[in-house]
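# for reference, the sequence and a predicted model appear below.
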Amino acid sequence: QSVLTQPPSVSAAPGQKVTISCSGSISNIGSHYVSWYQQVPGTAPKLLIYDNYKRPSGIPDRFSASKSGASATLGITGLQTGDEADYFCGTWDRGLSAGVFGGGTKLTVL
Amino acid sequence: QVQLQESGPGLVEPSGTLSLTCAVSGDSISRANWWIWVRQPPGKGPEWIGEVSPGGTTNYNPSLEGRVTISVAKSSNQFSLRLTSVTAADTAAYYCARQLPSCSNGLCGVDPWGQGTLVTVSS
């Protein structure tokens, strides 16, 4: 069972917007930066967001993220079929003194 | 750009030792603060295994403490993972990765990742 909780799946139509939540505690999300990753099955994860809301070079501004208290949210607008993938959040847990990840959310673009 | 490549056996016997190496190319291993190992069992979310600094400082997942060792070889621009007393529960895709150089501690962003290598524990 993951330290960070994400919904198992979300879905939306092409062109629409979707949000993915990541819930933790004061010892992890509440105290440290959050990052988000996209993973197409069978491939390595790809960094989408770091330092809570920053996008690496090459990541379109359709992807955004925010953090409030012990929860974080990833938003994707203008959904495309190519966005179908698993998305997971990550952060540090000061109680465990270890990195932690969410269990992942499967995005389906209907 | 920086690229990472895992190498090592894809099959390990139960109670044996899993050993993987990550070759870093495109930049010096000394230019990032932390180099990381992550694993992902089939159909599950990722699990942070641990990290090593270029100077050899390590942090490990408490759930693996006592079985895991991560080391760095600056001269060959590589870092390695060793996991002892493996069981079927250690079957997973293993990834090596880099903590963003702008991050001094924590898990603020991991990039790039190696392509991953599937390790199966079975007799």
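Arrived safely, thanks for sending.

# which residue, other than its chain neighbours, is closest to B:Arg39?
Among residues not flanking B:Arg39 along the chain, B:Ala92 sits closest, at 4.1 Å (Cβ to Cβ, 6 or more residues apart in numbering or on different chains). For the C-beta atoms, the positions are set from N, CA and C on the backbone; glycine is no exception.

# correction: B:Thr69
Counting by Cβ to Cβ, 6+ apart, the residue nearest B:Thr69 is B:Arg82, at 4.4 Å.

# ramachandran coordinates for the one you found?
Dihedral pair for B:Arg82: phi -130, psi 120, per degrees, to the nearest 10.

# what's across from it in the sheet?
Assessed by DSSP bridges, B:Arg82 has beta-bridge partners B:Ser19, B:Thr69.

# follow-up on the earlier one: now do the contacts for the residue nearest to B:Arg39.
Going by Cβ atoms under 8 Å, 6 or more residues apart in numbering or on different chains, B:Ala92 touches B:Arg39, B:Gln40, B:Pro41, B:Pro42, B:Glu47, B:Leu118, B:Val119.

# contacts only, for the fifth one.
Just to be clear, that refers to B:Glu47. A:Phe101, B:Val38, B:Arg39, B:Gln40, B:Pro41, B:Asn61, B:Ala92.

# near the fourth one, how many other residues are there?
When neighbours are counted by other Cβ atoms under 10 Å in any protein chain shown, B:Gln40 registers 22.

# and it, what is it in contact with?
So B:Gln40 contacts B:Pro46, B:Glu47, B:Ala92, B:Ala93, B:Tyr95, B:Gly116 (Cβ under 8 Å, 6+ apart).
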